[in-house]
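Novice: dropping the sequence and predicted coords here.
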Amino acid sequence: MTCNIPTMITWLRILLIPVFVVVFYLPTDPQRFGAIPAHWVNVTATLIFAVAAITDWLDGYLARRLNQTSSFGAFLDPVADKLMVAAALIVLVEFERVGAVIALIIIGREIAISALREWMAGAGQGSSVGVAMIGKVKTAVQMIAILFLLYWDPIQLGGLALFPTKILGQVLIAIAAFLTLLSMAYYLRAAMPKIRQK
């Protein structure tokens, strides 16, 4: 197993997942001893997810910059991304901030396209289902939506709610789900010639 700086950063992202989940289950009931303010939990979870999102960009950048790319790193990086997004969506569903259908669409697409890419790569056609622009846009919208939904509370100034984080997050996650379906259709269409041969 290759162990270099980019891979270690990817492992850090995976290790942040249980920390992220545990933060959401800290006691917030004000009547309980040792309770933590719910806003603090939201802020902490948002920061952890933001750090994970930054490391997603950082490990790829360093792998190219330091010429430390590896087949194991190329495998582990998308796995870490999907695990973090799935963990966030499952928590958000449990806390009733995201609908289960939207979470199933996003998580199901990730599993289906990962399997499709693996199959196409085995058939020597991996480049035909490489990351497309629509996939990048979907990922960007999805990440911003999750950050807003984790933060949840409106951003206020002097007691006045200036930024309706909850509403924007729910709108963006619905857009992300729509883009998820579009991107899945795009990748399936790209793979269709090979699928028809089978």
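Specialist: Sure, I can see it.
Novice: which ones are touching residue 183?
Specialist: 109, 113, 132, 134-135, 138 (C-beta atoms under 8 Å, 6 or more residues apart in numbering). C-beta here means a position set from N, CA and C on the backbone, and glycine is covered the same way.
Novice: at 7 Å what do you get?
Specialist: By C-beta atoms under 7 Å, 6 or more residues apart in numbering, the residues touching residue 183 are 134-135, 138.
Novice: buried set for the helix or strand hosting it?
Specialist: Residue 183 belongs to helix 165-197 when assigned by DSSP states H and E. Neighbour-count burial for helix 165-197, counted by 16 or more other C-beta atoms under 10 Å, picks out 165, 169-170, 172-173, 175-177, 179-180, 183-184, 186-187, 190-191, 194.
Novice: roughly how far out does it sit from the chain middle?
Specialist: Taking C-alpha atoms, centre = their mean, to the nearest Å, one finds the center of helix 165-197 at 14 Å from the center of the full chain.
Novice: cool, and stretch 144-160?
Specialist: How far stretch 144-160 lies from its chain's middle: 19 Å, per C-alpha atoms, centre = their mean.
Novice: what does that stretch rub up against?
Specialist: Outside stretch 144-160, the residues touching it (C-beta under 7 Å, 6+ apart) are 39, 42-43, 45-46, 49-50, 88, 92, 97-98, 161-166, 168-169, 172-173, 176.
Novice: follow-up on the earlier one: want to throw the contacts of residue 183 into CSV with secondary structure and pLDDT?
Specialist: Formatted as CSV, the contacts of residue 183 follow (DSSP: H, G, I helix; E, B strand; the rest coil; pLDDT from 0 to 100):
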residue, secondary structure, pLDDT
134, helix, 84
135, helix, 83
138, helix, 91
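Novice: and of those, the nearest to residue 67?
Specialist: residue 135 (25.6 Å; C-beta to C-beta).
Novice: where does the residue minimising distance to the centre of the chain fall, phi/psi-wise?
Specialist: Geometric centre of the chain, nearest residue: residue 85, 3.0 Å, by C-alpha atoms, centre = their mean. Main-chain dihedrals, residue 85, degrees, to the nearest 10: phi -70, psi -40.
Novice: quick one: least confident helix or strand in the chain?
Specialist: Lowest on mean pLDDT, DSSP states H and E among the helices and strands of the chain sits strand 160-163, with a mean of 71.
Novice: alright, that wraps it up for me.
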